[in-house]
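Asks: generate a structure from the sequence data that follows.
(chains A and B)
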Amino acid sequence: MTGMSMTRENIINLVLALLLLVAPVAASQMGQPFTVTLATRIAVLALAATGLNIALGLGGLVSFGHAVFFGIGGYAAGILASHVFSGEPMMFGFEGSNQMPVIWIFAVIACGLAGLVIGAISLRTSGVYFIMITLAFAQMIYYFAISWPAYGGEDGLSILVRNQFPGINTMLPLSFFLLCYGVLIACIGLFALLRSSRFGAALQAARQNEVRVASVGISPYGIRLAAFVISAMMTGLAGALYADLNKFVSPSMLSWHMSGELIVLIILGGTGRLFGPVAGAMLYVIFEFALGGITERWQLFLGLILLGVVLFARGGLIGLLAGKARHG
Amino acid sequence: MADRPVLEITDLVKTFGALRATDGVTLDLRPGEIHALIGPNGAGKSTLIHQICGTEKQDSGTIRFAGQDIGRLGVAERARLGLGRTFQVSSLAPEFSSLRNVMLAVQAKAGSSFRFFKPVMRDRGLIDQAMAILERVGLAGRANIPAAELSHGERRQLEIAIALALGSKAFLLDEPMAGMGPEGSKRLTGFLHILRHEAPILLVEHDMDAVFALADRISVLVYGRIIATGTVEEIRRDPAVRTAYLGDHA
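Replies: The predicted structure follows:
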């Protein structure tokens, strides 16, 4: 059953969730804010990958353009905040905002609309064409951001003071981490609900056998488009948090490297698994930190590990620890 | 007009290059009957099935189903109108259990695939309906086995369970006996008797014993053309059919 029964996977998920919570709290007590920042980076990347996991893991839609949504979320935070700072109003006299809830709503709506347009066109193709067309959209928007001088162009846009959240001092690393962690857990909960719902059943069935789904009378296109839009919105929310984490947003958030990184996180952790993105983001950030301290070419080792996962542990870290995925 | 055909195919033509795979086929399926479509390999049976289901579009001719022209509709739309289908090679969601495969059909019939939050495995109504259907086809004991791990015969049964769950107005069965042993064929013949009480069946089949045992009418397709349509006896006696297809079987 998919309930809260204590399967091995549930225990592993709980351990990962606690680990990600306890480590930065302890580090903060010991006066190591950098570890807190690393944990925040893990939480935000895991959130972005959880968004992608809806399309890729549940729907089998290999989007190679999810950086678009990550970047749009980031620019939503950067642009809205910059107008508050400069005092220049935006369109329709709107003054911008440095309040995270407002920024998140903008980020999620903008990404939903972008996801609707990109998804509606891209989902008319499948397989390698789908990968290429999502990449093409991402590149278009990447080059648009580079050549658009109003918000920093190639140099990016700084967020001088981290945006605020009511009742929380976001300038404190641990407080900001806890906020990101809370959003992550809420979105993982949403992922779990979607996966077990009728919608999730249709989406996963369409990944396994498109013809079967169509011949019971469910149009795979509509189901996939809805999944793509929800996926885009969640990744966009992560983008807004990522911009606030770095207090900076630049076209690199929109680049195809970023899209690839999100796919890598999911594969490392376990495609379609509830905590796959968390496990993947942990591995990725820890490699980046540990190996990056030793050599600039740490990505070579990451590549080898990825190769190992793809060849010998198709279920990623979660698959290795918890065994094959089970469907109720 | 109580006996108006459920499915009416008129002058259907489909060509692939120089090959006329469907060459002016006219065929109907009446309420309550099993209409068997037989023909040698390469006669165009599968091509015809694909056009009826919507996976291929005809070049010309019409397909009417349940009083509506469905010739331009997609696969999912035709299924929603009540065209149930089983496949020559079993087509199921392999990772899902038997139960979840049938549950998908039940939710599809209810038109409720855009419900995002209620977990299906706690949805008693959905589970009970699906279990009842699995019981009818004798698969209740295998409810929690992934479709990929079912035997060939069980997968056939599961496909029939899905067709039942859809409450279809007509069934298109594409070689349901293919790959079944004699024992399995006999059991499946029993299921088809159950199914015919639900809705008429267009049965594409190689197994002549099954066809002669089940069919009310038989149409014989050769090189994309229907060369004869009639009762079992008429088809057995038809000289053109004997030379073209049955050989010494009859």
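Asks: enumerate the residues of chain B near chain A.
Replies: By C-beta under 8 Å from any C-beta of the partner chain, the residues of chain B that approach chain A are B:53, B:55, B:74-77, B:79-80, B:85, B:87, B:91-97, B:100, B:103-105, B:107-109, B:112-123, B:126, B:146, B:162, B:166. No exception for glycine: its C-beta is placed from N, CA and C like everyone else's.
Asks: which ones among these lie within strands?
Replies: B:Arg85 (DSSP state E).
Asks: buried members of the residues of chain B next to chain A into PyMOL, please.
Replies: In PyMOL syntax, the buried subset of the residues of chain B next to chain A is picked out as below (16 or more other C-beta atoms under 10 Å in any protein chain shown):
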select buried, chain B and resi 53+55+75+76+79+80+85+87+91+92+93+94+95+96+97+100+103+104+105+107+108+109+112+113+115+119+120+121+123+126+146+162+166
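Asks: how about the residue in chain A sticking out farthest from the centre, what does it touch?
Replies: Within chain A, the residue lying farthest from the chain centre (C-alpha atoms, centre = their mean) is A:Ser215, at 33.0 Å. By C-beta atoms under 8 Å, 6 or more residues apart in numbering or on different chains, the contact list for A:Ser215 reads B:Cys53, B:Val75, B:Ala76, B:Ala79, B:Arg85, B:Ser91.
Asks: and the stretch 101-250 of chain A, which residues reach chain B?
Replies: Contact residues, the stretch 101-250 of chain A versus chain B (C-beta under 8 Å from any C-beta): A:193-194, A:196-202, A:204-205, A:208-209, A:211-220, A:222-223, A:226.
Asks: can you pull out the helices in the chain?
Replies: You didn't say which chain, so I picked chain A. Assigned by DSSP state H, chain A shows helices spanning A:8-29, A:33-53, A:67-86, A:100-122, A:128-147, A:173-196, A:198-208, A:210-215, A:220-246, A:256-269, A:276-294, A:298-312, A:316-322.
Asks: my question was about chain B
Replies: B:45-53, B:75-81, B:98-110, B:124-136, B:152-165, B:182-198, B:208-214, B:232-237, B:239-241.
Asks: pick out the most distant pair among the contacts of A:Ser215.
Replies: Based on C-beta to C-beta, the longest span within those runs between B:Ala76 and B:Ser91 and measures 14.2 Å.
Asks: point out where chain B drops to low pLDDT.
Replies: B:1-2, B:245-250 (pLDDT under 70).
Asks: what do you get for the stretch 1-150 of chain A?
Replies: Filtered on pLDDT under 70, the stretch 1-150 of chain A yields the residue ranges A:1-5.
Asks: once you drop chain neighbours, what's closest to the residue of chain B positioned farthest from its centre?
Replies: Here chain B reaches farthest from its C-alpha mean at B:Phe117, the gap being 33.6 Å by C-alpha atoms, centre = their mean. Once flanking residues are discounted, B:Phe117 sits nearest to A:Leu193: 5.1 Å by C-beta to C-beta, 6 or more residues apart in numbering or on different chains.
Asks: ok so, going back, how about the helices of chain A in a markdown table, adding distance to B:Ala36?
Replies: Listed next are the helices of chain A as a markdown table, based on distance: least, C-beta to C-beta, whole Å:
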| stretch | distance to B:Ala36 |
| --- | --- |
| helix A:8-29 | 49 |
| helix A:33-53 | 47 |
| helix A:67-86 | 53 |
| helix A:100-122 | 43 |
| helix A:128-147 | 40 |
| helix A:173-196 | 42 |
| helix A:198-208 | 31 |
| helix A:210-215 | 21 |
| helix A:220-246 | 32 |
| helix A:256-269 | 49 |
| helix A:276-294 | 49 |
| helix A:298-312 | 48 |
| helix A:316-322 | 47 |
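Asks: follow-up on the earlier one: tell me the contacts of the residue nearest to B:Phe117?
Replies: With contact set as C-beta under 8 Å, 6+ apart, A:Leu193 has these partners: B:Phe116, B:Phe117, B:Pro119.
Asks: I appreciate the help and will end here.
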